[in-house]
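Enquirer: Sequence and predicted structure, then a few things I'm wondering about:
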Amino acid sequence: MAYDPANPRRNFPVGHGVTSVGLALFASVIGLVVAGMGALGVFGRRD
């Protein structure tokens, strides 16, 4: 953990951080799928 010299109570993770790239991509894909379903619900054809 690295600490801000001006504010020692504020800290930053050192290294790769706390979120993996795979988890971020998975969450993005799920978000896009949900957004796409919402767009279909709002803008879909109403026959």
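Expert: Received the coordinates, thanks.
Enquirer: ok, which stretches of the protein are strands?
Expert: Here the chain has its strands, by DSSP state E, at 2-3, 11-12.
Enquirer: Can you list the low-confidence ranges for the chain?
Expert: Along the chain, segments meeting pLDDT under 70 span 1-2, 12-17, 47.
Enquirer: And the helices in it?
Expert: For the chain, the helices defined by DSSP state H occupy 21-43.
Enquirer: Just give me the residue right at the centre of it.
Expert: By CA atoms, centre = their mean, the mean C-alpha position of the chain lies nearest to Ala24, the distance being 5.6 Å.
Enquirer: give me every residue that touches that one.
Expert: Residues in contact with Ala24 (CB atoms under 8 Å, 6 or more residues apart in numbering): none are found. No exception for glycine: its C-beta is placed from N, CA and C like everyone else's.
Enquirer: now Val29
Expert: So Val29 contacts nothing (CB under 8 Å, 6+ apart).
Enquirer: Check the spacing between Arg46 and Leu40 real quick.
Expert: 12 Å (CB to CB, to the nearest Å).
Enquirer: who has more neighbours, the two?
Expert: Taking other CB atoms under 10 Å, Arg46 and Leu40 do not tie; Leu40 has more neighbours (10 against 4).
Enquirer: Please report how far that one lies from Phe26.
Expert: Plainly put, Leu40 is 22 Å away from Phe26 if you go by CB to CB.
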